[in-house]
Each structure stands twice: as C-alpha cells, then as structure tokens.
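Based on what follows, work out the 3D shape:
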Amino acid sequence: MDPRVQQFMAMIKAKNPGENEFHQAVQEVAESLIPFIEENPKYKHAKILERIAEPERTIIFRVPWLDDKGEVQINRGFRIEMNSAIGPYKGGLRLHPTVNLGILKFLAFEQVFKNSLTTLPMGGGKGGSDFDPKGKSDNEVMRFCQSFMSELFRHIGADTDVPAGDIGVGGREIGFLFGQYKRLKNEFTGVLTGKGIEWGGSLIRPEATGYGATYFAEEMLATRGESLKGKTVCISGSGNVAQFAAEKVTELGGKVVTASDSNGFIYDPKGIDSDKLNFIMELKNVKRGRIKEYADKYGVEYFEGKRPWIIKCDIAMPCATQNEINEEEAKLLVKNGCICVSEGSNMPSTIEAVNVFLNAQILYGPGKAANAGGVATSGLEMTQNSMRLPWSREEVDEKLHTIMKNIHKTCVKYGKKENGFINYVDGANIGGFVKVANAMIAQGVV
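Next up is the predicted model:
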C-alpha cells in the first residue's frame, strides 16, 4: 500500500475504531484520490479528503414500538448526514439486523460520490435501523415506522435531507414513514423518495437501480465493441435491484441464469425468461418466500449456502449486499471467462476482489457508478415533486439512460490510462470527488 494511503488510513481507523466496512470504503477511495490530490495541492491544503471522511452530522436515537402481543420492543435508529456541499443530504434508509454505525457510514460515504456522479444537486446521507421487517405483520411494521419517523422528522426536509428506501424499505415502509411525517409536520412535501405513484412517486423508480446497472454494463461493453446480446449473465440477489436488472438484461438480449437469496442460489441454464421472472417477483414481493421454491417449481439446480460466482458467465452483476464477491470468487469469475462486472449493490466486491478484476483488466463498474441509477431517479422524483408535475415512464427512462451514459463518460474522462485501459474505480472516485471538493472550497471551511 502507498505509504501516504497507509498514514491516512491509520488516522481514519484511530478515529473510527471497529467500523470495518467504513474503513474499506474510505481506503478504496483514498487509493484513487491521494495521488490525484498530490497533483492538485488546493485539495490537499483545504484537507478535503479528511473533511469528506467525517460526517457533518450523526444522529442516533431510540425506537420503541409495540408488537402484536402488546410487548414493547426497542430498536436503534440512525441517520448519517455525510455531506451537503452540492445539495440536500440524499440516501436510503436500511432496515436489517446487521445495521450499525460503521455500515451506515460506509454507505453514506459512498453516497456522496455516487450522488455527485449523477450530475444532480444532491448531497450524501444514509440511515436506518437494526429492526428486521422479515416475519413482522403489516401492523408491526407500521408501528415501528411511525415511532422511527417520530424522531427522524425533526432532522429531515425537502431542502435539508431526503431519505429513500434501501434493503428492507420498500413501498410499504415508505408509505408508513411518509404518512407519519405528513401527520407531524402538517405539510405535503417531497421529503421521501420511492413514494407511491398516486402520491408523488416517480415512474421507473422501482426499476431504476437494476436498469441503470444494466445500462452501465452496456456502455462498458461498447468500449470494446461488445454488447449484452447473446451474453450469459450471473445475477445475485432476488430483490428489487436483481429483478429489474434481470428484466433489462433479457430485454437487451442477454440470458440471466442465476438468482439468489441469503440461503443459496438457483442455476437455470435455459435462462430466466419473463414468465419465470414474474414468478420470482410474486415469490419475493408478495409471498416473501425463499428462492429455493424456484428450483422446486422449474426443476433446476439449487445450491444451498453458496453464491452464484461458481457458475461460468460472460457478465456478473452482484445485486445483493456488500462484500459478496471475495478474492477467490473473483479469480474464478475471471478464469471462467467473465469479461464484465457491473455492481448493482453497494461495495459487493472486497478490496482483494477489486484488485483481481483490475489486474485482469476486465470491465469493472464499481457500485458508486454502476448502481447510481436508483438515486438518480430519486433525484428526478424530487424534481417532479418540486414542479408538482409527473413525467411519463418513457421520459423518466430516457433521462435515466442519459444520466448513466454521462456517468460512464465521467468515469472514462478520469479513469482512462495511457495504455487505453479504463480504470472505472479511479474514474468514479476522482469524477465524483472533483465536483464536491470544488463546492467545499468555494463555500469555505464549514
């Protein structure tokens, strides 16, 4: 490791002990940025990287709620308001038992760069709770969301901080959260994104992250005269992002052969066509069942406790969670002929896995660029709310496609090496940094 990066990371680890995911996210960015900052001393003098790595505000609060048995349950709520140099804090709320301060700081830190890359005026933030919506009744989820928002509402607003959904937070949860905010503030504003179409939501928002990651893959492939047509694609996950990535890949001529959840994955060599995808959507969105039921229904192989990266493919799209591709799995993907990785989830590849992809010089789109379509469309939802006007499905999809093309152009601009190889990690990190850093310098030391 570069000694300058080592020194910087020693400082970060001392200030943020035990927050491993946050350390990983900062290190990945620091490795790209520290050489760039050395060449541009104005950023070094203003200590921009040190300031970006420190949240502007960290909010932690108690969330008590009543379960269906009348027993009091207590969870912990968080909101990390990371950086507001280019716009209101923007980023999702995650409800999952693994949620802790370090994970949310990593996500908020990534969000700063991702939001900057979209070209929309959005700062970076993230929040959530260690509450687990799985196995809870609608009434329990509602009571939790109302208690959560009863504290969060005082820290957010359409021009201050605009949360969205993330893992465990879909249309149901956003509805309950928005209803409580409206009740407490006595106003109807675009304070949350991912809302229902009937009450301020945007068309294409549910599809946006999966569609965007697929559009980004198409842009990367085009730099080598390739396309998705005829390619075999391994996708992990079976939630929102994975579902719509599979839909768009299929539409563009690719063949999706895997889907997974936390228990294991299914391998369907014939491909997950639209009928099979509809089954997955019903299974996951309505019945909230396990992916093994797909294997039972269609008579395909199910791999208990495994991840899809052992399957031979041309393109890998991790769409589940962080650190789901390790070094060995990355080596196996490359060995099996994978030419492109487009990340639908946040930081799904470990640092060692990323180095494998970069050393093999395959097309590797990091999450902060490849999955920025979700927050980009959240930004478009904010615009529609501000104008009090909805756009058509075609208009939003066209704007999303254009944003993903522009993110790709930014990555190429800052990531193209002398030998012609495009390092999308450097491109995304530097491209996302410059806009925020310039705004921070212009606004003084605040």
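
What does Ala320 show for phi and psi?
Here is the backbone geometry of Ala320 (degrees, to the nearest 10): phi -110, psi -70.

That should have said Gln73, apologies.
Phi and psi for Gln73, reported as degrees, to the nearest 10, are phi -120, psi 150.

Tell me if I'm right that it and Trp65 touch.
Yes. When contacts are counted by CB atoms under 8 Å, Gln73 is listed as touching Trp65 (5.5 Å). Just so you know, the C-beta spots here come from the backbone N, C-alpha and C atoms, and that holds for glycine as well.

in which helix or strand would I find Cys234?
Using DSSP states H and E, Cys234 falls within strand 232-235.

Packing partners of that strand?
For strand 232-235, the packing partners by 3 or more CB pairs under 8 Å, 6 or more residues apart in numbering; DSSP states H and E come out as helix 240-251, strand 255-256, strand 258-261, strand 315-317.

just how off-centre is the third one within its chain?
This points to strand 258-261. 18 Å (CA atoms, centre = their mean, to the nearest Å).

Could you number the chain from 259 rather than 1 from now on?
Got it, the first residue is 259 from now on, which makes the last one we talked about strand 516-519.

and that strand, what does it pack onto?
Packing partners of strand 516-519 (3+ CB pairs under 8 Å, 6+ apart): strand 490-493, helix 498-509, strand 522-525.

closest to Glu445 out of the ones you listed?
Across the helices and strands packed on strand 516-519, Glu445 has its closest neighbour in helix 498-509 (28.5 Å, CB to CB).

hmm, back to that, quick one, which of Gln331 and Trp323 is more surrounded?
Taking other CB atoms under 10 Å, Gln331 and Trp323 do not tie; Trp323 has more neighbours (20 against 16).

confidence score at that one?
Per-residue confidence (pLDDT) for Trp323: 98.

and what of Asp419?
Asp419 is assigned 98 on the pLDDT scale.

ok, it touching Arg337?
Yes. Using CB under 8 Å, Asp419 is in contact with Arg337, at 7.1 Å.

More neighbours: those two, which one.
Arg337 (25 against 22).

so the more buried one, which of the three states?
Following DSSP: H, G, I helix; E, B strand; the rest coil, Arg337 is assigned to strand.

Name the surrounding residues that touch the strand holding Cys492.
Residues from elsewhere that reach strand 490-493, judged by CB atoms under 8 Å, 6 or more residues apart in numbering: 500, 503-504, 507, 512-517, 566-567, 569-577, 602.

List the pairing partners of that strand within its sheet, with orientation.
Paired strands of strand 490-493, with direction, are strand 513-514 (parallel), strand 573-575 (parallel) (DSSP bridges).

wait, which of those strands is closest to Pro355?
strand 573-575 (25.4 Å).

Can you point out the buried residues in the closest one?
Using 16 or more other CB atoms under 10 Å as the test for burial, strand 573-575 gives Ile573, Ala574, Met575.

For stretch 363-383, what is the distance to the chain centroid?
Stretch 363-383 sits 10 Å away from the centroid of its parent chain (CA atoms, centre = their mean).

Could you pull out the strands in the stretch 259-408 of the chain for me?
315-324, 330-341, 347-353, 382-387 (DSSP state E, counting those that start in this stretch).

deepest of the ones you listed, which one?
Among those, strand 382-387 has the highest mean neighbour count (mean count of other CB atoms under 10 Å), at a mean of 30.

and the angle from that one to strand 330-341?
Relative orientation of strand 382-387 versus strand 330-341 (axes from the mean of the first three to the mean of the last three CA atoms, to 10 degrees): 170 degrees.

tell me which residues in the biggest helix by length in the chain are buried?
Longest helix of the chain, by residue count under DSSP state H: helix 651-673. The neighbour-count check on helix 651-673 (16+ other CB under 10 Å) flags 654-655, 657-659, 661-662, 665-666, 668-670, 672-673 as buried.

So which elements touch that helix?
helix 359-375, helix 466-480, helix 625-628, helix 631-645, helix 682-700.

chain center to it, what's the gap?
In terms of CA atoms, centre = their mean, the centre of helix 651-673 is found 16 Å from the chain centre.

can you give me the mean pLDDT across it?
97.

contacting residues around that helix?
Against helix 651-673 from outside (CB under 8 Å, 6+ apart): 375-378, 460-463, 466, 469-470, 473-474, 477-478, 481, 623, 627, 630-631, 634-635, 638, 649, 680-686, 688-689, 692.
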